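> Please work out how this folds:
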Amino acid sequence: AWAPPLSMPRGRLLEAVLVPRPDRLAPLLRRYLPDWDALLLPDDEALFGPGAAKLVLLTSYRQRVPVFGPGADFVHAGSVASAYLDLSDLARAALERLEARRRDGEWPAQGFAGHYSLAVNDHVARAYDLNLVERARLQRILETSP
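Residues are numbered from 1 along each chain as shown. Below is the predicted model:
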């Protein structure tokens, strides 16, 4: 979903690991999870189907590595949090694109939707001793920097 190199704020490290096929996911999790503070999953239906969800969430929980993403279904299954697109987010993005077309006479450049919903699993966050109570702040960040 994302191609390295990835930029991160100063003092942070984001390591991207390419999973060539779904059957390589388990060995890669065993190899990398012990070295990571968190796991950020992209939205990839081919890679993160129902079986992979169980594998990722159970393996990461055993290693005490919180998982973020890739969507609301993962959050309900045991991921800490995720920003995801729902129908209202897509509709708002479409309306903004139509308004830009009307205003400027041309379509805006392709890009991310720009509006995301936030799902948080409080129970899982507490299990990792994570304080995610500032949801309004997280939602504002999602709105201003997609």
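
> so where do the helices sit in this protein?
If DSSP state H is used as the criterion, the helices of the chain fall at 25-32, 50-63, 72-77, 87-104, 122-127, 135-144.

> So which of those helices is the most surrounded?
Sort these by mean neighbour count, taking mean count of other Cβ atoms under 10 Å, and helix 72-77 sits at the top with a mean of 18. The way it works is simple: take the backbone N, C-alpha and C, and place the C-beta from them, glycine included.

> on that earlier part again, of all the helices of the chain, which one comes closest to residue 13?
The closest of those to residue 13 is helix 25-32. By Cβ to Cβ, the value is 12.6 Å.

> quick one: contacts of that closest one?
Counting by Cβ atoms under 8 Å, 6 or more residues apart in numbering, helix 25-32 makes contact with 15, 17, 19, 47, 52, 55, 56, 59, 60, all of which sit outside it.

> roughly how far is it from the heart of the chain?
If you compare the mean C-alpha spot of helix 25-32 with that of the full chain, they lie 19 Å apart, counting by Cα atoms, centre = their mean, to the nearest Å.

> Next, the angle helix 50-63 makes with that helix.
For helix 25-32 against helix 50-63, the angle by axes from the mean of the first three to the mean of the last three Cα atoms, to 10 degrees is 20 degrees.

> got the CA positions of helix 25-32 in CSV?
Output for helix 25-32, consisting of C-alpha atoms alone and laid out as CSV, is shown next (Å, rounded to 0.1, in the frame of the first residue of the first chain):
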residue,chain,number,x,y,z
LEU,A,25,2.6,-13.0,6.6
ALA,A,26,3.2,-15.4,9.6
PRO,A,27,7.0,-15.7,9.1
LEU,A,28,7.3,-12.0,8.7
LEU,A,29,5.3,-11.3,11.8
ARG,A,30,7.5,-13.7,13.8
ARG,A,31,10.6,-12.1,12.4
TYR,A,32,9.7,-8.4,12.9
